[in-house]
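Novice: Need a 3D model of the sequence below.
(2 chains)
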Amino acid sequence: MKRGGFLAVVLLFSMTRPVMAHHGTAGYDMTSMTAFAKATITEIEWTNPHCQIRFDVTSDKGDLQHWTLEAPPPSMLAPREWTRKSLQAGDAVKIEFHAAKNGSPFGIIQRVTFPDGKMLRAYPDRPDSKTE
Amino acid sequence: MRNLFLHSAGVLLGVLALSAPSGAQTSPANSKPAAQGQVPDLSGDWGNPVGAGGGGFIISDPGEKKAGTPQDDTPYQPWALAKLNSERPENGPHATFENTTDPRLKYCDPVGVPRIYLIPTQFRFVQTPDIVYLLYQYGPTWRPVAMNRGHRQDPDPTWWGESVGRYEGDTLVIDTIGFNDKTWLDHVGRPHSEELHLVERFRRINHDTLQMDLLFEDPKTYTRPWAGRKIFVLQHGGFEDAYACSMSEYEHFRQSVVDPVTAPKK
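Specialist: The predicted model follows:
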């Protein structure tokens, strides 16, 4: 899956375990992962049943795209070393997620990586994941 | 896991068939005999193993993935299978995001037991001589289990039922009746009636692992008793972060995420 010909990296998984969410994940392509190497965070909603992470990316053509990712609820993120301030508007991060099947700019987050290399996982990595 | 379940379910059914639902003190074969006054230590915060996903749902074989399909050997009464297949859950083989009938997602209704164990949150036992309290991060809510006594006569139906408990060796046995019929047993919509009789058996199989065995008896809904098992692991942090079910937040999430994600592909 390559989105807009820019900054997209695809990680393929063999599907053995779906990521569990408050609801099902039928709306997301859980067989592949999309990544943007430079995403600019615009907003965090620290709410139930899922936190929401919004960010912008700029395409090779200069188009600005607005994305929204669902994330685990605060009660699940907190033990994974997240706080409400882990991501703040203006942060530039690498962000990896499973995108919506319908092509809309939505997804369910897997992890983010900060410029200093620090990584925050929203869900545990799958042991059988591989980078294509 | 399926094989494990089948084996364990058979063992469990066999064991439980020998013990009356309430009052009997038969010890499972692999339990240590309880010394007088000995109480197994169930302390700690319990949750799903890492990587098992929030649901990690093995409450019946074949679990939620085949619920309601021909491969599902849950012993439904005909009306129960029809009701299951009429539901609109957001999980399982008939998952849909549109017009859910899930009482949890639609109304933030109490989830009851055992469904609460399928939500990726933690729980804790507070063991006192007369009452064992189960504190659930989801809700947050709590549930009392009156120890060493029988049920009241024909308790009125409630969301959480009436729970009584006892120790059998190293196992906490919780016996619950008096449910209303408004909750789902799981995320896919397996139903139950007010006749549901649920037995939960908690055993700490090692310091970091808690095993929960379930026995469902509900002849109005299922043709025979059936069993389930779920494994929890000791958690390290996070229990104090309550997970509140808020209808307003859920509606916001639905409008801002679920609806666009589930809209037809353009």
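Novice: What ranges does the chain have for its strands?
Specialist: Assuming you mean chain A. A:8-12, A:32-45, A:51-58, A:64-71, A:92-99, A:106-113, A:119-121, A:130-131 (DSSP state E).
Novice: wrong one, I was asking about chain B
Specialist: Using DSSP E, strands in chain B cover B:45-47, B:123-127, B:131-136, B:138-139, B:141-147, B:162-168, B:171-177, B:197-206, B:209-217, B:226-234, B:243-244.
Novice: from memory B:Gly237 sits against A:Pro79, does it?
Specialist: Yes. Applying C-beta atoms under 8 Å, one finds B:Gly237 in contact with A:Pro79, separated by 4.8 Å. Bear in mind the C-beta positions are built from the backbone N, C-alpha and C, glycine included.
Novice: who has more neighbours, the two?
Specialist: With neighbours defined as other C-beta atoms under 10 Å in any protein chain shown, B:Gly237 and A:Pro79 compare such that A:Pro79 has more, 17 against 12.
Novice: residue contacts, the residue lying closest to A:Ala71 once chain neighbours are set aside?
Specialist: Ranked by C-beta to C-beta, 6 or more residues apart in numbering or on different chains and with sequence neighbours excluded, the top spatial neighbour of A:Ala71 is A:Cys51, at 4.1 Å. A:Cys51 is in contact with A:Ile44, A:Glu45, A:Glu70, A:Ala71, A:Pro72, A:Pro73, A:Pro74, A:Leu77, counting by C-beta atoms under 8 Å, 6 or more residues apart in numbering or on different chains.
Novice: count of neighbours near A:Asp60?
Specialist: A:Asp60 has 9 neighbours, counted by other C-beta under 10 Å.
Novice: ok so, going back, select, out of the strands of chain B, the one closest to chain A.
Specialist: Distance to chain A, taken as C-beta to the nearest C-beta, is lowest for strand B:243-244 among the strands of chain B, at 4.0 Å.
Novice: what pairs with the closest one, and is each one parallel or antiparallel?
Specialist: As defined by DSSP bridges, the strand partners of strand B:243-244 come to strand B:138-139 (parallel).
Novice: What separation do you get for the closest residue to A:Phe55 other than its chain neighbours and A:Pro73?
Specialist: Nearest residue to A:Phe55, sequence neighbours excluded (C-beta to C-beta, 6+ apart): A:Ala39, at 4.2 Å. Separation of A:Ala39 from A:Pro73 (C-beta to C-beta, to the nearest Å): 22 Å.
Novice: Next, count neighbours for A:Gly103.
Specialist: Counted with other C-beta under 10 Å, A:Gly103 comes out at 11.
Novice: And for B:Lys106?
Specialist: Here the count is done by other C-beta under 10 Å, and B:Lys106 has 13 residues near it.
Novice: Make TSV out of the strands of chain A and add distance to B:Val261 and mean pLDDT.
Specialist: Shown next, in TSV, are these (distance: least, C-beta to C-beta, whole Å; pLDDT from 0 to 100):
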stretch	distance to B:Val261	mean pLDDT
strand A:8-12	19	37
strand A:32-45	14	96
strand A:51-58	12	97
strand A:64-71	8	96
strand A:92-99	10	96
strand A:106-113	5	96
strand A:119-121	22	95
strand A:130-131	25	38
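Novice: As JSON lines, those strands with distance to B:Gly47 would be great.
Specialist: Listed next are the strands of chain A as JSON lines, based on distance: least, C-beta to C-beta, whole Å:
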{"stretch": "strand A:8-12", "distance to B:Gly47": "27"}
{"stretch": "strand A:32-45", "distance to B:Gly47": "24"}
{"stretch": "strand A:51-58", "distance to B:Gly47": "18"}
{"stretch": "strand A:64-71", "distance to B:Gly47": "18"}
{"stretch": "strand A:92-99", "distance to B:Gly47": "23"}
{"stretch": "strand A:106-113", "distance to B:Gly47": "20"}
{"stretch": "strand A:119-121", "distance to B:Gly47": "16"}
{"stretch": "strand A:130-131", "distance to B:Gly47": "28"}
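Novice: ok, so what distance separates the closest residue to B:Thr183 other than its chain neighbours from B:Ser163?
Specialist: In space, not counting the residues next to it along the chain, B:Thr183 is nearest to B:Gly112; the distance is 3.6 Å by C-beta to C-beta, 6+ apart. Using C-beta to C-beta, one gets 11 Å for the distance from B:Gly112 to B:Ser163.
Novice: higher neighbour count, the two?
Specialist: Per other C-beta under 10 Å, whichever of B:Gly112 and B:Ser163 has more neighbours is B:Gly112, with 25 against 22.
Novice: Let me see the contact set for that one.
Specialist: B:Trp159, B:Trp160, B:Gly161, B:Phe179, B:Thr183.
Novice: Report the buried residues of stretch B:138-151.
Specialist: In terms of neighbour count (16 or more other C-beta atoms under 10 Å in any protein chain shown), stretch B:138-151 has its buried residues at B:Tyr138, B:Gly139, B:Pro140, B:Thr141, B:Arg143, B:Pro144, B:Val145, B:Ala146, B:Met147, B:His151.
Novice: ok, back up a step: the residue nearest to A:Phe55 and A:Thr58 touch, don't they?
Specialist: No. Counting by C-beta under 8 Å, A:Ala39 does not reach A:Thr58; the two are 9.7 Å apart.
Novice: Can you pull the residues of the stretch 151-266 of chain B lying near chain A?
Specialist: With C-beta under 8 Å from any C-beta of the partner chain as the criterion, the stretch 151-266 of chain B meets chain A at residues B:235-238, B:241-246, B:249-250, B:252-253, B:256-258, B:260-266.
Novice: Please consider this matter closed, and thank you.
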